[in-house]
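Trainee: Sequence and predicted structure below; questions after.
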Amino acid sequence: MTLATFDLAAFEAAQGEARTKAAAELDRICRETGFLVLTGHGVPQDKIDAVWDAVARFFAQPPEDKARVAPPEPGAPYGWIGPLKEALAASKGVKTPPDLKESFNGGPLHMPEDASADAVAFCYRPTPYPDLDGFRTAWDAYYAELEALAARIMAAFAAALNLPEDYFDRYIQHPISALRALNYPATGEVAEADQQRAGAHTDYGTLTILLPQAGSSGLQVQRDGTWLDVAAPDDAFVINIGDLMARWTNNAWVSTLHRVVAKPNQPPRKSLAYFHQPDWEAEIRPLDGSDDYPPVKSGPYLMDKFQSTGT
Ligand SMILES: O=C(O)CCC(=O)C(=O)O
Ligand SMILES: [Fe+2]
């Protein structure tokens, strides 16, 4: 399927009626598919190139070198999570063989001084950076760019929801977003039934900024029970709504089921996924004032979801 495109820079430059129209179009996309292609993002190409180079060098290492930056204990969120260690479908209560991917994960670049003990014990754990030339610089630079981009998207989301454009600011002073580099090794002759590169899931947070490797395939979204291929766009990100945003909008916006499908004899594939998540303490309750969902605290909500997928 071809995803709708939203030009963020054009929206930000638009005034009056044109701005209202662009916001309404964004609202329509978020209601219908919850997935879009984002252009006009402004993330410099040299920072994107540098992080791709860094993660390619990381994944090319032998497993024993990658294991030096494995999470210090099961359930800790950051570092190298090797192949067959996670089954994303488990977050939906579906039991499948583990996902074929490996990942490297990093957390927030700064910790607020008043971070609570439970936040420190989960999302503010230090990222165990690999000891590779320039890795940390490239990783952190990309993370910082995407944190700023996510705040711009949240302002556009506020406009789309007919809220003041700074509405979400108070919830994202210290977002606890995670950046995940994914590597899907080449697949073999036969695929095990129900085993995917990344099993069917929805994302947990507000929005995900995904950068699939150029020219790669395999990302699929489910529409009316059918899996549809999403191509990797050129010079653009794929954005999708997560569960917390769906909950915030009382399901007016959709957090769409997606996966990375495994088929026999696929070449390797990489992607970068930035999972945007409001401040640990942020309380999310439906914007329409209904009590259809009880309030949830962003941090513990994320932690529960994350810890449901370990194998
Ligand atoms: O690698 C991809 O293209 C998507 C990965 C994904 O959906 C996820 O990690 O949440
Ligand atoms: Fe996802």
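Mentor: Alright, I've got the coordinates. Residues are numbered from 1 along each chain as shown. Ligands and ions are numbered 1, 2, ... in the order given.
Trainee: Only C-alpha atoms from now on, for both contacts and neighbour counts.
Mentor: Noted.
Trainee: buried set for the least confident helix or strand in the chain by mean pLDDT?
Mentor: Counting by mean pLDDT, DSSP states H and E, the chain has its least confident helix or strand at helix 298-306, which shows a mean of 93. Residues 298-300, 302-303, 305-306 are the ones in helix 298-306 that count as buried (16 or more other Cα atoms under 10 Å).
Trainee: Is ligand 1 within reach of that helix?
Mentor: No - applying Cα under 6 Å from any ligand atom, one finds helix 298-306 out of contact with ligand 1, separated by at least 11.1 Å.
Trainee: Just the C-alphas of that helix, formatted as PDB.
Mentor: Provided in PDB are the C-alpha atoms of helix 298-306 (Å, rounded to 0.1, in the frame of the first residue of the first chain):
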ATOM      1  CA  SER A 298       3.700   6.900  31.000                       C
ATOM      2  CA  GLY A 299       6.800   5.200  32.600                       C
ATOM      3  CA  PRO A 300       5.200   2.200  34.300                       C
ATOM      4  CA  TYR A 301       2.900   1.700  31.300                       C
ATOM      5  CA  LEU A 302       5.900   1.400  29.000                       C
ATOM      6  CA  MET A 303       7.800  -0.800  31.400                       C
ATOM      7  CA  ASP A 304       5.000  -3.300  31.700                       C
ATOM      8  CA  LYS A 305       4.700  -3.500  27.900                       C
ATOM      9  CA  PHE A 306       8.400  -3.900  27.400                       C
END
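Trainee: For burial, what's the neighbour tally of the closest residue to Ala160 other than its chain neighbours?
Mentor: Nearest residue to Ala160 in three dimensions, chain neighbours excluded: Ala23, at 4.3 Å (Cα to Cα, 6 or more residues apart in numbering). Counted with other Cα atoms under 10 Å, residues neighbouring Ala23 total 20.
Trainee: contacting residues around Ala23?
Mentor: Contact analysis of Ala23 by Cα atoms under 8 Å, 6 or more residues apart in numbering lists 11, 156-157, 159-161.
Trainee: Which secondary structure element is home to it?
Mentor: Using DSSP states H and E, Ala23 sits within helix 16-32.
Trainee: buried ones in that helix?
Mentor: 19-20, 22-27, 29-31.
Trainee: which parts of this structure sit against ligand 1?
Mentor: Residues of the chain lying close to ligand 1 by Cα under 6 Å from any ligand atom are 203, 212, 219, 259-260, 271.
Trainee: The longest helix along the chain packs against which elements?
Mentor: For the chain, the helix that runs over the most residues, judged by DSSP state H, is helix 135-160. If you count contacts as 3 or more Cα pairs under 8 Å, 6 or more residues apart in numbering; DSSP states H and E, helix 135-160 packs onto helix 8-13, helix 16-32, helix 45-59, strand 207-212, strand 269-276.
Trainee: Redo the ones you listed as JSON lines? Include mean pLDDT.
Mentor: Below are the helices and strands packed on helix 135-160 laid out as JSON lines (pLDDT from 0 to 100):
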{"stretch": "helix 8-13", "mean pLDDT": "98"}
{"stretch": "helix 16-32", "mean pLDDT": "98"}
{"stretch": "helix 45-59", "mean pLDDT": "98"}
{"stretch": "strand 207-212", "mean pLDDT": "98"}
{"stretch": "strand 269-276", "mean pLDDT": "98"}
